[in-house]
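Colleague: pasted the sequence and its predicted model underneath.
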Amino acid sequence: MENYLEQLNGVQREAVVHTKGPVMIVAGAGSGKTRVLTYRIAHLLKTGVDAFNILSLTFTNKAAREMKERIEKIVGSSEARNLWMGTFHSVFAKILRIEAERLGYPSNFTIYDTDDTKSLIKTILKEQGLDDKIYKPGVVYNRISSAKNSLISWQAYKQNAEIMEEDRMAAKPKLGLVYELYQKRCFNSGAMDFDDLLFNTNVLLRDFPEVLNKYQHKFKYILVDEYQDTNFSQYVIVKKLAAASENICVVGDDAQSIYAFRGANIQNILNFKKDYPDLQVFKLEQNYRSTQVIVNASNSVIRNNKDQLQKDVWTSNDVGDKIKVIKTYSDNEEGNSVAHSIFETKMNEQAHNHDFAILYRTNAQSRAMEEALRKMGIPYRIYGGLSFYKRKEIKDLLAYYRLTINHNDEEALKRIINYPARGIGNSTLEKLVVAAAENNTSIWNVIESPNGLQLNLSAATYTKLQDFVMMIRSFEVQLTTQNAFTLGNQIAISSGILRELYTDKSPEGVARHENIQELLNGMKEFSDRELAAELLTDQKPDVSLTAFMQDIALLTDSDESDKDDTNKVSLMTIHSAKGLEFPYVHIVGLEENLFPSQLSLSSRDDLEEERRLFYVALTRAEKKVTLSYSTSRYKWGNLISCEPSRFIEEVDSKYLDYNEPASQQVSTNFDDERSNYNGGFVKNKFVPRQKEIVAKPAAAPLVPPRKNLVRMNTSLAKNNSVTEIIGDDTKNLQPEMMVEHGRFGKGVVKKMEGVFPNQKATIHFESAGEKLLILKFAKLKII
DNA sequence: GTGTAATGCTATTGG
DNA sequence: AGCATTACAC
């Protein structure tokens, strides 16, 4: 790979070799941005720059990993391993661990995720007697978060007359106090939330000149990807670090800025030149990814935005097919039509499952898509949503690990002090919390040295608390002697979590047990790196539980590589599709109030962000885009009617192919179409839903509330007499019968046990494998 | 203190 | 529709 420079076009090459001084690369969608970044770093290494002197900030850790691998191939050595590369959060978490003590934090500080944060806010609100209907935890969190991302400390917040007035007007005068208490509580718990990682990095660089100096000289070359999505806090960090060398290269596309909602400031890229008058700007405008239709159509959309950097994205690729627009009458039908279209394209163009992506605005839209794909027997993977590490059982076990590493971690302690149940209930916990607050210390310290505190606890409770402390202490002493797996496994056993889950024989309990096993397997893999690395180098990686926890703290769903078969259709929100590309892209739910979101309609800036989001969605596609919308959709259990999105009209109509009259689309039965395919589909016979929601009369704009009806059904379903009626369907199930389950799809009955109404069936599902289901709960259909 | 049933709240987007 | 919190019975 010596001749890497020859693989670049003119501008790309200039952007790669111009390594000195401030550089901004404005990279249109699909213009080979990743390639330029990769080659630029490779070029730095080739021309003698030490890997230790390069800092590269990427949008995901996965992107960093992949880039490192490619760089390694180009420079032909393992030198790339020494690059500092990762997300803002992971890189600065690493630095904060090194420097933590200067800020009064332990170096093994816990990183609170959104759940921990919200839970702590709720606790504080309750303690302060604030009504959580006025002080909604989510809103409070956002307010604190954006303050931090604007580098406003709680002290500054409370001193700022304008802010205090705003809060008074919003009937939340105590918000500053909540912010203060929240920060103090985190500090006492040895914990930082996501925003603290950036905020505290700023404190570090501001208050400790020697530290700033150290990292300024360490990072002589700084690269920032997706610069359009950085917030003020990140902006200041970059600016400070780059101040000494000014070898700063930012890459971005203002047209793809989609994270304003979490503080990203598009002005960071629009105003970059003001900070660096000597700035060299390179514009990558040739799109290598998409067809002319897609490129031109996307341009026609983004033209509706006002504020942008001038650029002209073009392509010399094929013209390509027009963008199909599909109208359906319900969300389920939309799913069916997408699944059907994917099936058809696979047949006609010899495409693979992994060539397809279904993109939506909100996670809730995935369900209709999942159901339809499952019915068609098309494998898929959902990104985002409920990730592995967010599952209850996983979080429970991780809380034990967290508390073992950092005893002051309040959220972890509260989660497990009585799980599995050990007789330490709410009233005890409350007494502990009060004592901790009064003495400005952590709950752990109160439990461990209760002498002199008026706790008012029974002797029996004391014993239980001491047992708990002893248990955690016994784990702690092994932190330095055992690897992550050995200790992790022992904690899973000694804590009683494994036993607790093992006793639960319900399908859900079994699944939870399996998840714990999966976590432990992951830890085994992690720990085994030691053996693998020993053979290759003399460097021993840290395989302690502490290291494992630091490794996973900032993982996201997109960072996980799927272990099993990767040939799957990808389902994700448009936000998580950033930076990805697929031959065939379905953008679904193009309806007013959904996309653009209802919440964005009141301000021009928000609407423009939605439009950029649409632009991002369109430009993910290489060959074909299909847009779809539905005229009705369920929301909060109610059927609402929908209008097509304004964004469809914003696409220059010469690139659009409005599908055939609705009559062809109304049917959800694809049997006719299928008979046209010569075989090959017998196995996955498509089964239409019994009764699809059919279009309602056009007259009524809004369907009368269905709420009562839904309520009635729910309560009735719990009534025995109705169970019997539902049970009728399945109570005579026999082995070998085919059934369909709402979640697991189609399967064959293997074994029946128990007597009505408590029958259980072992069913082998095509996609989900063998499951034991209780018939009166499982909604099964015989097919 | 523990476990279950009823209630009620909520859904942009994410590190 | 699903989930978390709350209310209430043991």
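Modeller: Alright, I've got the coordinates.

Colleague: low-confidence stretches in the stretch 501-650 of chain A?
Modeller: A:533-539, A:561-565 (pLDDT under 70).

Colleague: tell me the residues on it that lie near DNA strand B, please.
Modeller: By C-beta under 7 Å from any atom of the strand, the residues of the stretch 501-650 of chain A that approach DNA strand B are A:554, A:556-558, A:572-573, A:575-576, A:597, A:599-600, A:606, A:635-636. For the C-beta atoms, the positions are set from N, CA and C on the backbone; glycine is no exception.

Colleague: quick one: which of the residues you listed is most hemmed in?
Modeller: residue A:572 (22 neighbours; other C-beta atoms under 10 Å).

Colleague: now do the contacts for that one.
Modeller: A:357-360, A:382-384 (C-beta atoms under 8 Å, 6 or more residues apart in numbering).

Colleague: tell me which strands the helix or strand containing it pairs with, and in which orientation.
Modeller: In this assignment (DSSP states H and E), residue A:572 forms part of strand A:569-573. Using DSSP bridges, the strands paired with strand A:569-573 are strand A:356-360 (parallel), strand A:380-382 (parallel).

Colleague: can you name the residue of chain A nearest to DNA strand B?
Modeller: Closest to DNA strand B within chain A is residue A:425: 2.8 Å, counting by C-beta to the nearest atom of the strand.

Colleague: which one is that residue nearest to, not counting chain neighbours?
Modeller: residue A:418 (6.5 Å; C-beta to C-beta, 6 or more residues apart in numbering).

Colleague: and for residue A:371?
Modeller: residue A:335 (6.0 Å).

Colleague: pretty sure residue A:376 is one of the things that neighbour touches, is it not?
Modeller: No: shown here, residue A:335 and residue A:376 do not form a contact pair, counting by C-beta atoms under 8 Å, at 9.7 Å.

Colleague: between those two, which is the more surrounded one?
Modeller: residue A:335 (28 against 21).

Colleague: residues touching the more buried one, list them.
Modeller: Per C-beta under 8 Å, 6+ apart, neighbours of residue A:335: A:368-373.

Colleague: from those residues, which is closest to residue A:19?
Modeller: Distance to residue A:19, by C-beta to C-beta, is smallest for residue A:369 among the contacts of residue A:335, at 44.8 Å.

Colleague: and the closest one, helix, strand or coil?
Modeller: At residue A:369 the chain is in helix, as set by DSSP: H, G, I helix; E, B strand; the rest coil.

Colleague: look at it and say how many residues are nearby.
Modeller: Neighbours of residue A:369 using other C-beta under 10 Å come to 25.

Colleague: from residue A:376, how far out is it?
Modeller: From residue A:369 over to residue A:376 the distance is 11 Å, taken as C-beta to C-beta, to the nearest Å.

Colleague: between these two, what contacts are shared?
Modeller: Counting by C-beta under 8 Å, 6+ apart, the residues touching both residue A:369 and residue A:376 are residue A:339.

Colleague: angles on the backbone of the most centrally placed residue in chain A, please.
Modeller: Nearest to the mean C-alpha position of chain A, counting by C-alpha atoms, centre = their mean, stands residue A:384 at 4.3 Å. Per-residue torsions, residue A:384: phi 80, psi -160 (degrees, to the nearest 10).

Colleague: picking up where we left off before, sitting in strands, which of the residues of the stretch 501-650 of chain A next to DNA strand B do you find?
Modeller: A:572-573, A:635 (DSSP state E).

Colleague: out of those residues, which one sits closest to residue A:432?
Modeller: residue A:573 (40.3 Å).

Colleague: surely that closest one touches residue A:361?
Modeller: Yes: using C-beta under 8 Å, residue A:573 is in contact with residue A:361, at 6.8 Å.

Colleague: got the contact list for the closest residue in space to residue A:648 that isn't next to it in sequence?
Modeller: Closest residue in space to residue A:648, ignoring its immediate chain neighbours: residue A:590 at 5.6 Å, by C-beta to C-beta, 6+ apart. By C-beta under 8 Å, 6+ apart, the contact list for residue A:590 reads A:627-629, A:644-645, A:647-648.
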